[in-house]
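> Predicted model and sequence follow; I will ask about them next.
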Amino acid sequence: MINAYGSNGSPSVLTAVQPVGSLSEDIVWIDLFEPTREEDSYVEQLLDISVPTRDELKDIEPSSRLYTEKNGLFMTGSVVWKADSEEPELTDVAFILAGGRLLTVRYAEPRSFRLFTAALGRTAQAHHTGASLLAHLIETIVDRTAEILEGAVTRVDRLSIDIFRDREKRRPPKFLEGKLADIAGCHRLVGKVRDSLGSLSRVLSFLMNAPAIAAESELHSLCGTVARDVATLSEHAAFVAGNIAFLLDASLGLINVEQNAIIKIFSIASVVFLPPTLVASVYGMNFRMMPELDWTFGYPWALLAMLVSALVPFYFFRWKGWL
């Protein structure tokens with residue numbers, strides 16, 4: 001799909017069957033969403049550039065993600081999407097400045113793009129340019145990434161409360177084992193956020209040196225502010241990742257403590273019942289000469305002996321603080 005936006009933010013849809021010369025001069029942003037090969041070729045003719053393919057967007061080499069070609073500025077950044085699902089992902093988006101226009105190529109629909117297009121017609125700036133749209137689009141992406149990170153922090157705080165709550169309010173150890181999956185989900189989300197912020201930081205550094213941005217002090221200042229926000233968010237994401245690692249270690253440690261407590265109960269129970277078993281074994285022998293067999297109160301005596309032999313180690317363990 002080819003979405004186009006004018007300098008005033010008005011949207012329109014282009015089709016690959018329209019004549020190349022029919023593109024209005026007022027169009028400053030062309031958004032390629034899951035483009036077909038025909039749509040790629042059509043836009044290439046419109047802007048006289050080479051549109052990167054899906055495979056080319058996945059290249060991780062900096063020279064393949066940030067470069068200048070045919071007076072066009074090519075940048076590829078990673079954006080978090082599906083952040084509200086159980087499996088957040090990164091999608092690579094190409095940002096291209098060519099001929100005073102902005103071209104974006106994407107194969108997913110992050111919420112930041114929907115937020116930006118929804119607010120595009122309501123911005124105070126009356127006349128947009130490709131460079132200004134790119135700067136504000138990246139700002140929206142960073143703001144959305146900050147929201148995602150804030151949601152991850154809330155999840156981590158909730159996990160911390162659940163893991164370290166009072167023992168009687170917890171259902172160990174299965175309760176803690178169930179929290180391991182939540183910790184893994186937070187770790188995955190924060191990891192995606194960190195990767196995205198690192199990618200956006202490189203894009204901003206490259207963009208600030210572009211003539212279209214450096215020539216306008218307001219846009220250059222905006223990019224610098226967004227770059228500082230990215231740096232701050234990266235530091236905060238690293239701090240959150242450290243907290244997640246602590247929660248993982250703490251959960252595993254508490255699971256071991258709870259399992260050891262269960263094993264301790266069985267060990268103490270076996271020790272407590274060992275003396276009564278010994279008494280019962282003695283009087284279960286079939287020797288002919290056993291005086292206690294002829295006692296009138298032999299049976300109550302044996303029961304009492306087993307009871308006392310069980311209580312003595314029990315209270316001894318209580319006195320030692322092992323129970």
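Right, received. Where do you want to start?
> Pull the contacting residues for the closest residue to residue 240 other than its chain neighbours.
With sequence-adjacent residues excluded and distances taken as C-beta to C-beta, 6 or more residues apart in numbering, residue 240 is closest to residue 190, at 5.3 Å. Quick note: C-beta positions are derived from backbone N, CA and C, even for glycine. Applying C-beta atoms under 8 Å, 6 or more residues apart in numbering to residue 190 gives the contacts 149, 152, 237, 240-241, 244.
> Could you export stretch 175-182 as CSV, CA atoms only?
C-alpha atoms of stretch 175-182 as CSV (Å, rounded to 0.1, in the frame of the first residue of the first chain):
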residue,chain,number,x,y,z
PHE,A,175,3.8,-19.7,42.5
LEU,A,176,7.4,-18.6,42.1
GLU,A,177,7.9,-21.0,39.2
GLY,A,178,5.0,-19.4,37.4
LYS,A,179,6.6,-15.9,37.9
LEU,A,180,9.7,-17.1,36.0
ALA,A,181,7.7,-16.9,32.7
ASP,A,182,6.7,-13.3,33.6
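> Which positions in it come out as buried?
175-176, 179, 182 (16 or more other C-beta atoms under 10 Å).
> One more: stretch 314-323?
residue 314.
> now do stretch 217-231
For stretch 217-231, by 16+ other C-beta under 10 Å, it's 219-220, 222-223, 226-227, 229-230.
> Narrow the residues you listed to those in strands?
Counting by DSSP state E, no part of these is found in strands.
> Include distance to residue 268 when you put the residues you listed into a markdown table, please.
Converted to a markdown table, these look like this (distance: C-beta to C-beta, whole Å):
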| residue | distance to residue 268 |
| --- | --- |
| 219 | 72 |
| 220 | 72 |
| 222 | 68 |
| 223 | 67 |
| 226 | 62 |
| 227 | 61 |
| 229 | 57 |
| 230 | 56 |
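> got those as TSV, with pLDDT and distance to residue 118 columns?
Listed next are the buried residues of stretch 217-231 as TSV, based on pLDDT from 0 to 100; distance: C-beta to C-beta, whole Å:
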residue	pLDDT	distance to residue 118
219	85	22
220	87	26
222	88	20
223	89	23
226	92	20
227	92	25
229	93	21
230	93	23
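> Which secondary structure element of this structure has the lowest mean pLDDT?
When each helix and strand of the chain is scored by mean pLDDT, DSSP states H and E, helix 62-65 comes last, with a mean of 70.
> Past it, which element shows up next along the chain?
Sequence-wise, the next helix or strand downstream of helix 62-65 (DSSP states H and E) is strand 66-69.
> Quick check: which helices or strands does the next helix or strand after that following strand pack against?
Under the assignment DSSP H and E, the closest C-terminal helix or strand after strand 66-69 is strand 72-81. Here strand 72-81 touches helix 62-65, strand 66-69, strand 89-98, helix 130-163, helix 174-208, going by 3 or more C-beta pairs under 8 Å, 6 or more residues apart in numbering; DSSP states H and E.
> can you list the weak-confidence ranges in the stretch 201-323 of the chain?
322-323 (pLDDT under 70).
> how about the helices of it, start to end?
Along the stretch 201-323 of the chain, the stretches classed as helices by DSSP state H, counting those that start in this stretch are 211-214, 217-282, 298-320.
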